[in-house]
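> Generate a structure from the sequence data that follows.
(one chain, ligands or ions: 1)
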Amino acid sequence: MDNPVIKTLLSHRSVRKYTAEKPTDEIIETVVRAGQQAAFASQLYSVLLTRKKAPYGAPLWFTICVDLYKLERFMRIRGWEVISNDLSLIFFGIQDAALMAENMVVAGESLGLFSCFLGNTPYQAGRIQKKYKLPPRVFPLVELIMGYPAEEFPPRPRYPLEFTLFEDEYPQMSDEMVQRAMKVMDEGYLAQGYYVKQKAKIRLENGKSETFTYDNYSWTEHISRKWGQWLTDPQELLGQLEKCGFRITEKRSLTPTPQESTAGQAETMDHEGEDV
Ligand SMILES: Cc1cc2nc3c(=O)[nH]c(=O)nc-3n(C[C@H](O)[C@H](O)[C@H](O)COP(=O)(O)O)c2cc1C
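Now for the predicted structure:
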């Protein structure tokens, strides 16, 4: 099946080299408007932009944030305050922000602009908060650099569909099935020379000696090294969330009068299954 939307989606690639051409304000606004039109739970996001000195020399550098500040501002005007816990809100905020960010990527690509996410953002939240003078309750989730590409290469591989789409029940996964998926990914990345071009081999820790060269170091080894050696302390992220005014483990309580309590329950039931 083929149409312009599917073609754009299947041609996606993250670009890390950009020309000096600067996208116009109209293009930037179109990309962000298209991002906003993603489905949302509660529009719990804001997008920061700077055109100054972005990574990889990109002309645009967005930071997509989970934003509870705007919600709380308008709820206050309505005479309400947030009582939901921050763990729930951050999940909904991540869903909203991620969908909007990916819409921006796709909109950009449809206009010839390519991009690359930078995923270390949550660990830099305190620094970004200062840089953009963020109010409390705004958490930088992911950065997205964007511009016109100065490199050409085919799309990167993905797992085979048999390793991704499971109808009615999750399959009994044999080692052969897992290995087939690993082969698709590893051979696909090796064919592009992805890790050798980026010199992106992750060093082994704890005295383990290197047995891979760039001839056989590929995606599944890379990802295994990443998640097998990194981010051991949850406090690091909880600390960043706290800097931005999020209290993930705090339990909040509503103390309504008995009358209000019954009314609240009826309202909740009326809305079950609708948007959050
Ligand atoms: C949440 C997220 C974080 C990412 N972080 C980085 C990053 O920090 N640096 C980078 O060069 N690429 C980053 N990427 C890009 C991925 O490496 C890239 O999407 C993946 O290798 C698949 O390649 P493709 O997008 O070209 O298909 C990130 C992508 C996502 C979705």
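> burial count for whatever residue of the stretch 1-150 of the chain ends up closest to the ligand?
Residue nearest to the ligand within the stretch 1-150 of the chain: Gly119 (2.6 Å; C-beta to the nearest ligand atom). All C-beta spots, glycine's among them, are computed from the backbone N, C-alpha and C. Neighbourhood size, Gly119 [other C-beta atoms under 10 Å]: 10.
> which residues does the closest residue to it other than its chain neighbours bridge with?
Leaving aside its chain neighbours, Gly119 sits nearest to Val142 (6.0 Å; criterion: C-beta to C-beta, 6 or more residues apart in numbering). Taking DSSP bridges as the rule, Val142 bridges to Ile64.
> got the contact list for Val142?
Thr63, Ile64, Ala97, Ala98, Ala101, Phe117, Leu118, Gly119, Thr121, Pro122 (C-beta atoms under 8 Å, 6 or more residues apart in numbering).
> and if you look at Ile83?
Contacts for Ile83 (C-beta under 8 Å, 6+ apart) come out as Arg252, Ser253, Leu254.
> helix, strand or coil for the last one?
The one in question is Leu254. Classification of Leu254 using DSSP: H, G, I helix; E, B strand; the rest coil returns coil.
> in which helix or strand would I find Gln95?
Using DSSP states H and E, Gln95 falls within helix 86-110.
> How far off centre is that helix?
Centroid separation for helix 86-110 versus its chain: 7 Å, with C-alpha atoms, centre = their mean, to the nearest Å.
> Confirm that Ile223 sits in a strand.
No - using three-state DSSP, the secondary structure at Ile223 is helix, not a strand.
> What pLDDT is listed against the closest residue to Ser253 other than its chain neighbours?
Among residues not flanking Ser253 along the chain, Ile83 sits closest, at 7.9 Å (C-beta to C-beta, 6+ apart). According to the prediction, Ile83 has pLDDT 95.
> what does the one 4 residues further on give?
On pLDDT, Leu87 comes in at 97.
> Can you get me a residue count around it?
Using other C-beta under 10 Å as the criterion, the residues surrounding Leu87 number 14.
> and what of Ile64?
Residues near Ile64, counting by other C-beta under 10 Å: 24.
> And it, how close does it get to Val105?
For Ile64, the distance to Val105 (C-beta to C-beta, to the nearest Å) stands at 11 Å.
> what's the overlap in contacts for those two?
Listed as contacting both Ile64 and Val105 by C-beta under 8 Å, 6+ apart are Leu144.
> any chance of the contacts of Ile83 in CSV, with distance to the ligand, pLDDT and neighbour count too?
What follows is the contacts of Ile83, written out as CSV (distance: C-beta to the nearest ligand atom, whole Å; pLDDT from 0 to 100; neighbours: other C-beta atoms under 10 Å):
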residue, distance to the ligand, pLDDT, neighbour count
Arg252, 30, 87, 11
Ser253, 35, 84, 5
Leu254, 35, 76, 10
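> Could I get these in CSV, plus columns for distance to Gln36?
Formatted as CSV, the contacts of Ile83 follow (distance: C-beta to C-beta, whole Å):
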residue, distance to Gln36
Arg252, 29
Ser253, 34
Leu254, 31
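> Can you list phi and psi of Tyr18 for me?
phi -130, psi 150 (degrees, to the nearest 10).
> For it, give me the pLDDT.
98.
> isn't it right next to Pro59, touching?
Yes - using C-beta atoms under 8 Å, Tyr18 is in contact with Pro59, at 6.5 Å.
> Can you name the residues that contact the most centrally placed residue in the chain?
Note on the chain: the residue nearest the mean C-alpha position is Ala98, at 4.8 Å, using C-alpha atoms, centre = their mean. Going by C-beta under 8 Å, 6+ apart, Ala98 touches Leu141, Val142.
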